[in-house]
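> Return a 3D structure for these sequence lines:
(one chain, ligands or ions: 2)
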Amino acid sequence: MSEITAIRGMNDILPGETAYWQFLERTVAGVLASYGYGEIRLPIVEKTALFKRSIGEVTDIVEKEMYTFDDRNGDSITLRPEGTAGCVRAAIQQGLLTTPQRLWYSGPIFRYERPQKGRQRQFHQTGVEAFGIATPDMDAEMILLCARLWRQLGLVEYIELQLNSIGTAAARAAFRTALVDFLQARVDLLDEDSQRRLHSNPLRILDSKNPQVQAVLDDGPSLEDFLDEESKADFTRLCELLEAAGVKYVVNRRLVRGLDYYNKTVFEWVTDKLGAQGTVCGGGRYDGLVEQLGGKSTPAVGCAMGMERLVLLLKEQGVAVGAPTVDVYVVAVGSEAERIALVTAEALRENSPICILCCTLGAAVSKAS
Ligand code: ATP
Ligand code: MG
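Residues are numbered from 1 along each chain as shown. Ligands and ions are numbered 1, 2, ... in the order given. The predicted model follows:
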């Protein structure tokens, strides 16, 4: 009979690798606790409508990356393709938004993408969300906690912060019109992907990795010129706060995010050590989402980090993660010795947090045969 294998793009994480994960997870939990964030545990499956309404109908995620099924009752459900929507849903449903809330969660995320290094179909994110604070000091805190995390992980020198403001929905709509007019006149210079986006989601063209498309954009309209006064002032303030805290950043006026719900500040943490899959964390402000999902208007900002990419960086940069080692081997020969070995090992474990591996001769023989 043929062997049953895992689903493409959904990887096993083996014991040799879990030391990196555990190091990452405990460092993340420690840093978030030090900023007063509380962990929230959310379902992996939600109603499909939640993601359609929040992420946006004409985004890559909703158009082609979601794992969507009908359950036995015929209701459409989706394996979460990101965490913010579920977190906002829970915060509204559980009545958490009467006061400011700082929340975080971690777990698997599913997107039907082309698997490659740093890109899986099941991957893991840690998401951080802060609700109820509209001012840029909140954006600054979100960025500072990431910077602290990279420092504690030993990765700070490999990760660069890119920042932008995408303004209000009205500012983006005006920019979108100017951008489409400009690109329509040069449509032959665009690649197929950008031509498709010109009609569905033109702002994403700014994100294109194609140098020819980027060269066309050089002469095009700039989002900065369309920003409203409040977004501009908030962005200036955020930059001041980051400078005061000693966090380096690069302003990337073409940084837009792949989900529709963002406004004002957006940011990405990017490394050049992982090839094309260089973004290890992305986030921004999403002041309209709570209301869009049926809650009371509540400002919010958040970010999500890609855990696989952080693990890859830890490994590739040779960061010491305190991999478990065996402190004591207990080798016993014969049934009486085995009995004593078992009891002695238990007594040793009682007194100190060391790793004791019992190897009885019986086990060794059965392994060899
Ligand atoms: P990318 O541009 O690399 O596709 P994204 O903008 O789609 O990223 P987000 O939705 O912002 O990603 O998700 C936050 C983070 O999750 C990313 O910065 C990345 O580190 C990680 N991530 C996203 N998609 C994948 C994937 N398919 N496999 C592994 N990690 C991923
Ligand atoms: Mg993506």
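> wait, what's in contact with Asp260?
Neighbouring residues of Asp260 by C-beta atoms under 8 Å, 6 or more residues apart in numbering: 54-56, 59. Bear in mind the C-beta positions are built from the backbone N, C-alpha and C, glycine included.
> most neighbours, which of these?
Of the contacts of Asp260, Ile55 is surrounded by the most neighbours, 24 neighbours in total, counting by other C-beta atoms under 10 Å.
> Point out the residues in the protein that sit beside ligand 1.
Proximity of the chain to ligand 1, by C-beta under 6 Å from any ligand atom, involves residues 82, 111, 113, 118-120, 123, 125, 258, 277, 279-282, 304, 306, 308-309.
> So which of these belong to helices?
Among the residues of the chain next to ligand 1, the subset assigned to helices under DSSP state H consists of 308-309.
> Buried subset of the residues of the chain next to ligand 1 as a PyMOL selection?
The buried subset of those, as determined by 16 or more other C-beta atoms under 10 Å, is captured in PyMOL by this line:
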select buried, resi 82+111+113+118+119+120+123+125+258+279+280+281+282+304+306+308+309
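> In helices, which of the contacts of Asp260 appear?
For the contacts of Asp260, membership in helices holds for 54-55, with DSSP H as the criterion.
> Now for Gly275: which residues touch it?
Applying C-beta under 8 Å, 6+ apart as the definition, the contact partners of Gly275 turn out to be 117-118.
> picking that back up, which of the residues of the chain next to ligand 1 fall within strands?
123, 125, 279-282, 304, 306 (DSSP state E).
> Model confidence score at the nearest residue to Leu189 once chain neighbours are set aside, please.
Closest residue to Leu189 in three dimensions, ignoring its sequence neighbours and counting by C-beta to C-beta, 6 or more residues apart in numbering: Val216, at 5.0 Å. Among the per-residue scores, Val216 shows a pLDDT of 94.
> Look at Val216 and tell me its secondary structure.
Using DSSP: H, G, I helix; E, B strand; the rest coil, the three-state assignment for Val216 comes out as helix.
> what's next to the longest helix seen in the chain, contact-wise?
With DSSP H setting the assignment, residue counts place helix 15-34 as the longest helix in the chain. For helix 15-34, the surrounding residues in contact (C-beta under 8 Å, 6+ apart) are 13, 39, 104, 106, 126, 128, 145, 148-149, 152-153, 305, 307, 310-311, 314-315, 319, 321-324.
> Counting only strands, which of those make the cut?
Within the contacts of helix 15-34, residues falling in strands by DSSP E are 39, 104, 106, 126, 128, 305.
> And the third one, how close does it get to ligand 1?
Yep, that's Ser106 we're talking about. Between Ser106 and ligand 1 the distance is 12 Å, computed by C-beta to the nearest ligand atom, to the nearest Å.
> ok, so of the ones in strands among the residues of the chain next to ligand 1, who is nearest Glu291?
Proximity of those to Glu291 (C-beta to C-beta) peaks at Ala304, which lies at 21.1 Å.
> list the contacts for the closest one?
Ala304 is in contact with 82-84, 125-128, 281-283, counting by C-beta under 8 Å, 6+ apart.
> from those residues, which is closest to ligand 1?
Among the contacts of Ala304, Gly282 lies closest to ligand 1 (C-beta to the nearest ligand atom), at 3.3 Å.
> Show me what the residue of the stretch 201-350 of the chain found nearest ligand 1 is bridged to.
For the stretch 201-350 of the chain, the residue positioned closest to ligand 1 under C-beta to the nearest ligand atom is Gly306, at a distance of 2.2 Å. Beta-bridge partners of Gly306, counted by DSSP bridges, are Gln125.
> Looks like it contacts Arg119 (just checking).
No. Assessed by C-beta atoms under 8 Å, Gly306 is found out of contact with Arg119, at 9.1 Å.
> What pLDDT is listed against the residue in the stretch 1-150 of the chain positioned nearest to ligand 1?
Ligand 1 sits closest to Phe123 of the stretch 1-150 of the chain, with a gap of 3.4 Å, by C-beta to the nearest ligand atom. Per-residue confidence (pLDDT) for Phe123: 98.
> Find the nearest non-adjacent residue to it, please.
Nearest-residue entry for Phe123: Glu308, 5.1 Å, with adjacent residues in sequence omitted and distances by C-beta to C-beta, 6+ apart.
> residue contacts, the one you found?
Contacts were defined as C-beta under 8 Å, 6+ apart; by that measure Glu308 touches 118, 120, 123-124.
> Make a markdown table out of those residues and add distance to Phe23.
Listed next are the contacts of Glu308 as a markdown table, based on distance: C-beta to C-beta, whole Å:
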| residue | distance to Phe23 |
| --- | --- |
| Gly118 | 19 |
| Gln120 | 20 |
| Phe123 | 18 |
| His124 | 14 |
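> Any stretches of the stretch 51-200 of the chain with poor pLDDT?
Along the stretch 51-200 of the chain, the model assigns pLDDT under 70 to no residue.
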